[in-house]
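Undergrad: need a 3D model of the following:
(one chain, ligands or ions: 2)
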Amino acid sequence: MSIAEKNYAIAKEIYASHGIDTDAAIKEIDTIPIGVHAWQGDDVKGFENATAHALTGGCQVTGNHPGVARSADELRADLDCALKLIPGTVKVGLQGHEVDKMLPGVDRDAFTIENFSSWLDWAKEKKIGMDLAPAFYSHPKLDHGLSVSHPDPAIREFWINHGRACRRISEVFARELGVVSVCNQWFPDGFKDAPVDRQAFRERLRESLDTIFAEKVDNNLVRDAVEPKLFGIGVESCTVGSHDFYMAYSSKNDLLICLDSGHFHPTEVISDKISAIAANGGKMLLHVSRGVRWDSDHIVLLDDNLLNIASETVLALRRGAELHLMLDYFDGSVNRVAAWAIGSRALRKGLLIGALSAVPAVYDAEKELDFSARLLRQEAVRSLPWQAVWNYYCESKGCGDDFQIEAPLNAYEKTIIAARG
Ligand code: RNT
Ligand code: ZN
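TA: Ligands and ions are numbered 1, 2, ... in the order given. Got it, this is the predicted structure:
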């Protein structure tokens, strides 16, 4: 018996005494798909232009740790390393400019699966699903920070076609891989200073979205999402696609709303929004991130915010809600492969803790409206031995515990990443 197995046996007994079946909890959280965001590996730059790929507006990354992936091949190699260290079911999420090849004369508005075919082959081989989000940034057609809300119909058309193109590619991913593909639309459109006619921009956004979604794709394969945001750097005074805009738009059009944990006021949390939306039959995509002071997209860690998001996710899924998880952070200041491993594992760990923490005695106290007992029991549940369950789970998946992942990450950095110069 390994140490992890021994500790697990004890933890299992302790949890059982509180009415929690640890084997069932492991089984439950192991199959919740976590979307691993490819864009952590290339600093959201994409691969349209091998020589001059750059962030030119709409999206920002900080840090210059060596080894950023410069091609889809390098990005996949990095993902291969990270995925070995992440237990449980995963998908990979791409941005619409993370193409594996460019074709002569074909820009984002006309991308097809041809531009992503080696991603498809790779995902088939790994038996994982792929999500795709159009990239409405870092492109000359983003004019004055505006895409689909731009007054010029030609600019809007270009971006509308990119949104449509990505939905079609998503459909191919889903059909070929046999896994639902989430296609999330986020537009950076907004203003540093207050516009005089906000509604004009919002009406154009609404019309553009209507046009994007007017083209039918199979919604059993593609799950369409829209992502609101409070503000971004340079668009502090007005974001066209705000939360209110998309709450109304998604519910009217039966779309998923994407809740990004960095997209609200600093003390406003998405964990509380999950049940509010689910209670109304709403469907969600969560962009799990960690904002520090602002929408800084720090690597996700096991903090209170993540624990709350994860436990609400487990409960919502138990109740049958449609909810998809995608990580969304980008840190260029540290080993990017480690960034994936740390954040993805933190989310999986949070889900496990969430499943293990649904202790019947806490629910009993709430049913009896005994809030003292509820508080006492909630606090007691926090220190139940979930770590022993987590380590056992990681070992059973061949992923290593939280300390053991360091050696393979270092080895990869010293050989493959260092060689990139
Ligand atoms: C930006 C949104 C969006 C992006 C990705 C890279 O604030 O969160 O989801 O992070 O498109
Ligand atoms: Zn996001």
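Undergrad: show the contacting residues for Tyr392.
TA: 4-5, 7-8, 11 (C-beta atoms under 8 Å, 6 or more residues apart in numbering). To be clear about C-beta, it is placed using only N, CA and C from the backbone, and glycine gets the same treatment.
Undergrad: following the strand or helix carrying it, which helix or strand comes up?
TA: In the assignment (DSSP states H and E), Tyr392 maps to helix 386-396. Sequence-wise, the next helix or strand downstream of helix 386-396 (DSSP H and E) is helix 406-412.
Undergrad: what comes up buried for that next one?
TA: 408-409, 412 (16 or more other C-beta atoms under 10 Å).
Undergrad: packing partners of it?
TA: On a contact count with 3 or more C-beta pairs under 8 Å, 6 or more residues apart in numbering; DSSP states H and E, helix 406-412 meets helix 72-83, helix 336-356.
Undergrad: most tightly packed of the ones you listed?
TA: Across these, the average number of neighbours (mean count of other C-beta atoms under 10 Å) peaks for helix 336-356, which reaches a mean of 26.
Undergrad: over to Ala418. Which of the three states is it?
TA: helix (DSSP: H, G, I helix; E, B strand; the rest coil).
Undergrad: still on that earlier bit, format the contacts of Tyr392 as TSV; extra columns: pLDDT, distance to Arg204 and secondary structure.
TA: Shown next, in TSV, are the contacts of Tyr392 (pLDDT from 0 to 100; distance: C-beta to C-beta, whole Å; DSSP: H, G, I helix; E, B strand; the rest coil):
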residue	pLDDT	distance to Arg204	secondary structure
Ala4	97	56	helix
Glu5	98	60	helix
Asn7	98	58	helix
Tyr8	98	56	helix
Ala11	98	56	helix
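Undergrad: which among the residues you listed count as buried?
TA: Using 16+ other C-beta under 10 Å as the burial test, those include 4, 7-8, 11 as buried.
Undergrad: helices of the protein, start to end?
TA: Listed in chain order, the helices of the chain (DSSP state H) span 3-17, 22-30, 72-83, 117-126, 153-177, 198-214, 243-253, 271-278, 304-318, 336-356, 360-367, 371-382, 386-396, 406-412.
Undergrad: of these, which approaches ligand 2 most closely?
TA: Among those, helix 243-253 comes nearest to ligand 2, with 12.2 Å by C-beta to the ion.
Undergrad: ok, residues contacting the closest one?
TA: Helix 243-253 has contacts (C-beta under 8 Å, 6+ apart) with 202, 205-206, 209, 213, 225-230, 255-258, 263-264, 280, 282.
Undergrad: restricted to strands, list the residues you listed.
TA: 225-226, 256-258 (DSSP state E).
Undergrad: identify all contacting residues around stretch 118-126.
TA: Stretch 118-126 is touched from outside by 72-73, 76, 83, 92, 94, 98, 100-101, 113, 129-130, 172-173, 176-177, with contacts defined as C-beta under 8 Å, 6+ apart.
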